[in-house]
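**Student:** the following comprises the amino acid sequence and a computationally predicted model.
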Amino acid sequence: MDIEERDAPGVEEAPRSASRRALFGLGAVLAAGAVAGEALVGEADAAEAATAATAVHRGKQYRTASAAAKAAGRARSRLFPHDPHAHLLRRATFGPRPKDVADLKRLGIDRWLERQLDPRSIKDTRGTKAAALFPLDGAGPGTILRKTKRYSWDAMMATAQATLARQVFSDRQLYEIVVDVFADHLHVAIPGGQWHTTPSWIKDVIRKHAFGTYEGMLLAAMKHPAMLSFLSNDESRRKNVNENLGRELLELHTVGRGAGYTETMVRSSAKILSGRTWDYDTGRYYFNEPWHWTGRVKVLGFSHANASMYRGEQVGDAYLKYLAHHPATARTIARKLAVRFVSDTPSPALVNRLARVYLRHGTSIRAVVDAIFKSSDFWASVGGKMRRPLDDAVGALRVLDVRRAAGMRTPIGWLYWNLNAQGHAPYAWGPPNGYPDVAAAWLGAGAMLQRWNLHRAFVNGWWPKLGWTKPSKLVKRTAGMTTLQWTRAAAKRLLGVTPSNRHLVAVVHGAKLTAGSPAPTDDWRCGKLATLLLDSPYFQLR
Amino acid sequence: MPQNPAPPSDDVLRTLHPDCPDWRRLGPTGEDAALRAMAEAQRVVEEERDAAWAGGFNRRTFLKGGLGVGVAALGAQLVTSRVSYAAADEPQHGTLVVVFLRGGMDGLSMLVPASDPQLVKERPNIGVRAGSLLEFDTARGFGLHPAMAPLRPLIAQGRVAAVPAVSTPDLSRSHFQAQDCLERGSSGSLSTGWLDRVLVASGPGTTFRGVAVGGTTPRSLVGAANPIAMHDLGSVKLDVDKADTAATTAALRSLYTGVDHPIAKQTTLAIGALGTVARIRAAQPAADAVHYPDGNFADALKNLAMLIKGGAGVRVACVDVGGWDTHTGMGNVDRGDMQRHLGDLAAALAAFAEDLGPDRLDDTTVVTMSEFGRRVEENASGGTDHGHGGAVLIVGGGVRPGVHGAWHGLAQRTTLGDIPGWNDYRDVLSEVVGARLGLSAGQLNGVFPGWRAKPLGIAA
């Protein structure tokens, strides 16, 4: 196909203007899912959200991540001291366990990333065992039909809670983060009406392809009952084509609004997909030829006679491949990943560089992730992202190094419901565009209180059956250690940074202690110090 | 020690059940029922689509309006997010309380078209008879369920209005989809809630300008305005020893001072909110002046009344009540689910009104909503199945008493046995919100994008 040639200039001609107004305008060109983030640029509040570092840095790609880190130099963050290892761990894990810190120190940036990008090279007993507590996690429809009552929530809940278990316990952190990004990108709400098909959606579409190609993921998605049902393609008929999936495929999943498609093309998109349906009793996909609309279809540069209903599925696959390789899709995917790893407002230049990597590597997601760490933009973006509720909760459990414990299913369930109350349980977002990944969507006074209280529950071990690290044991005590010294060591241990003295003293006073007094030895007072460290911007920003 | 987070109650789970067992009654076997259900769903879509689109709605216009407005709203958020934690110099527009009756409330049991002979014919066991009704709008032939007698004084004061046959543009019988459509105010891909857009349109306010009482943030409040969700006032606290609160909050302030990120401001607001709630709680008299009935809903209203009376600046409040998915055992006027639920609803609302007192009640409007109404005909289990048009109750200040909106009688029900959506939720809500919060038609445009609201005459 010649579409790449034809559309390629779109990639090269990045908007150059650095004006905020221009950035705002660009929002319309990018995926609708990103509109929130874009729309915020150009106004005072949002300007705060994009740190100076990310806004000003002119990035480049480097051969290795460590070279990119070096080239980025000392990142301009008023809060975080210069420390590339700590920055990488804040972004490429939900929160570093001591083991992650040690691994990175031992392997160095490049080898550590290489391992994370090849998750099978990491023996992950802990993560596998934690997820295994939820036997229906990722179960196929047949198993669910056999093992649960009709309309049971069991398998949906098992899948969502096993996700949390993996995020907390797996050593394959980068992979779990990318899974999270794509579960929001190709989003199907769980819980939802798709009670016996969403577990395998997560396993066979999202997890299976998260480090594969986006083409593979998209092809699998558009043949999966969960998506076909969630966006009503199973209601599409030759004579009455349902537009829902055909529209979101363009708007959310691939090229995005602004790619230049018309309403007629949206109709065509839906027509191409008609016939893709599934069988309720088996939960299996099939192509129902008589439901397929036939006749010429044209969407952007894709055109097909689509003359036979018997070839309708093949036409659809060709169309999906066309979309997966479209430069506008490349920018959509590049931007999604850049928003997760680099900034709420990644520069168009970075997005375009990543989009080129995506196209050059046959829509490889892993290649884009790899390229992000090889950009100086990444290394210059210190402290510019805020933890969302799930990042905060899972991250806190990880930095506290909670261990697996018998009966852990129960507190993982609590974690799920707590996050649900904070509006961020895995997969539970209702609309088809997935959870927003920008700070502005998650700010709120009530939200702050919920986070602070959760830190207290975790640090003080109020949730039984999560292997708790006693706060007094967080830090190796030395002879004559003062409270300030203990707090500094605890900060290094939990946050990976050494906060300013002013902030350390604030924490000490917050626990009603004095800096020069002997370090506390009891869990209660050590817990107060540790909790305030998690409450602090050193943990809340990443 | 804080409570551990509990899974939702059975009520809520049942309300959110992925696919209501309703359709299984359609056939002798599971497969047969499923086939018929799918066929019926398809027929509904085909039959009702034209009518719905003729009414001005289609998904496309929603999306077109939706996106533009989404962007504009998020732009405007940058103004409204400059909130304060005390009411101080912010203009007060009164309070809108949205009560979501989860599960599909049977409008015909609450707002009874008593003079319609069809009612008792189709509902021989559960239909509310004319003789037992609470008098409401005799001229239009409607009364209220007798269990709602606690509202009698409010009716007498002219503070109660109702609208029959209200629906969303969503024709789904799925709780999920219908609630989603109603709460987002759109079946398109707009991701903010309609009440969030109301808050954005209504300008700056306090941290408490959007609150969800009794549970988590409902989808209607999701978005840029960042509401406070609370179980009750007691849960708006930091889980530290009382004696440590001051030191802890002082430390948090120091840690976030000078941090170049909007999270810093949220810290200040959160600490301010703690102070507001502590002040309001401290000012509570030892004994309650008003007796609220038992139950979560009444508790939520009681807490909400404290916030309103305490001057917290509540502009929009959401309260959820589960248990309205009455497929079985709806009962009669003396006993059964409807009698109990409607009785609880009315008693709690009456207590809330009394607690606020006449002046504050003038500035407060309560509106109920539910994802859909139920079918006219009763089913074999003494219940009713998912339908379409349902009833809305409006209580408080600024309403014209009585029944408003179109009603064409039960004989005009659809071939599927539903009451059609003769009145659109967006018309009802636009009017109530506009009057209560002083929003212009232009401002309301962003609330229900692409919808030109027609007032039904609810607002005084």
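**Tutor:** Thanks, I have the structure now. Numbering: from 1, shown residues only, chains lettered A, B, ... in the order given.
**Student:** which residue is the nearest non-sequential neighbour of the residue in chain A that chain B sits nearest to?
**Tutor:** Going by CB to the nearest CB, chain B is nearest to A:Gly510 of chain A, at 2.5 Å. Any C-beta I mention is one placed from the backbone N, CA and C, and that applies to glycine too. Distances taken as CB to CB, 6 or more residues apart in numbering or on different chains place B:Ala251 nearest to A:Gly510, at 2.5 Å, with adjacent residues excluded.
**Student:** export the helix ranked longest in chain A to PDB, keeping only CA atoms.
**Tutor:** Taking DSSP state H as the criterion, chain A has its longest helix at helix A:98-116. Extracted as PDB, the C-alpha positions of helix A:98-116 are listed here (Å, rounded to 0.1, in the frame of the first residue of the first chain):
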ATOM      1  CA  PRO A  98      14.400  -2.100  47.500                       C
ATOM      2  CA  LYS A  99      15.100  -5.000  45.100                       C
ATOM      3  CA  ASP A 100      14.400  -2.700  42.100                       C
ATOM      4  CA  VAL A 101      16.800  -0.100  43.400                       C
ATOM      5  CA  ALA A 102      19.500  -2.800  43.900                       C
ATOM      6  CA  ASP A 103      18.900  -4.300  40.500                       C
ATOM      7  CA  LEU A 104      19.200  -1.000  38.700                       C
ATOM      8  CA  LYS A 105      22.400  -0.200  40.700                       C
ATOM      9  CA  ARG A 106      23.800  -3.600  39.800                       C
ATOM     10  CA  LEU A 107      22.800  -3.600  36.100                       C
ATOM     11  CA  GLY A 108      23.000   0.000  35.100                       C
ATOM     12  CA  ILE A 109      20.300   1.900  33.200                       C
ATOM     13  CA  ASP A 110      20.700   0.100  29.800                       C
ATOM     14  CA  ARG A 111      20.800  -3.400  31.000                       C
ATOM     15  CA  TRP A 112      18.100  -2.900  33.500                       C
ATOM     16  CA  LEU A 113      15.800  -1.500  30.800                       C
ATOM     17  CA  GLU A 114      16.800  -4.300  28.500                       C
ATOM     18  CA  ARG A 115      15.500  -6.800  31.100                       C
ATOM     19  CA  GLN A 116      12.300  -4.900  31.700                       C
END
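**Student:** okay, now the residue nearest to A:Gly510: neighbour count?
**Tutor:** 25 (other CB atoms under 10 Å in any protein chain shown).
**Student:** now do the contacts for it.
**Tutor:** A:Ala506, A:Val507, A:His509, A:Gly510, A:Ala511, A:Leu532 (CB atoms under 8 Å, 6 or more residues apart in numbering or on different chains).
**Student:** check which element follows the helix or strand where the third one lies along the chain.
**Tutor:** This means A:His509. Assigned by DSSP states H and E, A:His509 belongs to helix A:501-510. Past helix A:501-510, further along toward the C-terminus, the next helix or strand under DSSP H and E is helix A:523-535.
**Student:** and that next one, how far out from the chain's middle?
**Tutor:** Relative to its parent chain, helix A:523-535 has a centroid offset of 28 Å by CA atoms, centre = their mean, to the nearest Å.
**Student:** any chance you could list what contacts that helix?
**Tutor:** A:396, A:399-400, A:451-452, A:455-456, A:458-461, A:470-472, A:474-475, A:483, A:486-487, A:490-491, A:494-495, A:499, A:506-508, A:510-513, A:520, A:539, B:240, B:244, B:248, B:251-252, B:255.
**Student:** 7 Å instead, please
**Tutor:** Helix A:523-535 has contacts (CB atoms under 7 Å, 6 or more residues apart in numbering or on different chains) with A:396, A:452, A:455-456, A:459-460, A:470-472, A:474, A:487, A:490-491, A:494-495, A:507, A:510-511, A:513, A:520, A:539, B:251-252.
**Student:** out of those residues, which are buried?
**Tutor:** Buried by 16 or more other CB atoms under 10 Å in any protein chain shown: A:396, A:452, A:455-456, A:459-460, A:471-472, A:474, A:487, A:490-491, A:494-495, A:507, A:510-511, A:513, A:520, A:539, B:251-252, out of the contacts of helix A:523-535.
**Student:** what about the one residue in the stretch 101-250 of chain B that gets nearest to chain A, helix or strand, and which?
**Tutor:** The stretch 101-250 of chain B approaches chain A most closely through B:Asn226 (3.3 Å), counting by CB to the nearest CB. For B:Asn226, there is no host helix or strand (DSSP H and E).
**Student:** same deal with B:Val97?
**Tutor:** Assigned by DSSP H and E, B:Val97 falls in strand B:95-101.
**Student:** that strand pairs with which strands, parallel or anti?
**Tutor:** Here strand B:95-101 is paired, per DSSP bridges, with strand B:316-321 (parallel), strand B:364-369 (parallel).
**Student:** how many neighbours does residue 311 have?
**Tutor:** If you meant another chain, say so; for now it's chain A. Neighbours of A:Arg311 using other CB under 10 Å come to 16.
**Student:** that's the wrong chain, I meant chain B
**Tutor:** 16.
**Student:** about what we covered before: want to throw the strands paired with strand B:95-101 into CSV with mean neighbour count and mean pLDDT?
**Tutor:** CSV is the format used below for those (neighbours: other CB atoms under 10 Å in any protein chain shown; pLDDT from 0 to 100):
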stretch, mean neighbour count, mean pLDDT
strand B:316-321, 25, 93
strand B:364-369, 24, 97
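**Student:** looking at these, which is nearest to B:Met338?
**Tutor:** strand B:316-321 (13.3 Å; CB to CB).
**Student:** immediately after the closest one, which helix or strand?
**Tutor:** Next along from strand B:316-321, by DSSP H and E: helix B:337-362.
**Student:** so in chain B, where's the weakest helix or strand by average pLDDT?
**Tutor:** helix B:59-80 (a mean of 27; mean pLDDT, DSSP states H and E).
**Student:** for B:Leu171, see how far away the spatially most central residue of chain A is.
**Tutor:** By CA atoms, centre = their mean, the mean C-alpha position of chain A lies nearest to A:Val181, the distance being 2.9 Å. Distance, A:Val181 to B:Leu171, by CB to CB, to the nearest Å: 34 Å.
**Student:** now the strands for the stretch 101-250 of chain B?
**Tutor:** B:111-112, B:134-137, B:142-144, B:160-167, B:210-213, B:228-230 (DSSP state E, counting those that start in this stretch).
**Student:** would you format the ones you listed as CSV with mean neighbour count included?
**Tutor:** Shown next, in CSV, are the strands of the stretch 101-250 of chain B (neighbours: other CB atoms under 10 Å in any protein chain shown):
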stretch, mean neighbour count
strand B:111-112, 26
strand B:134-137, 18
strand B:142-144, 24
strand B:160-167, 28
strand B:210-213, 28
strand B:228-230, 27
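**Student:** B:Ser440: which of the ones you listed is closest?
**Tutor:** Between those, strand B:210-213 lies closest to B:Ser440; by CB to CB that is 19.9 Å.
**Student:** thanks a lot, see you next time.
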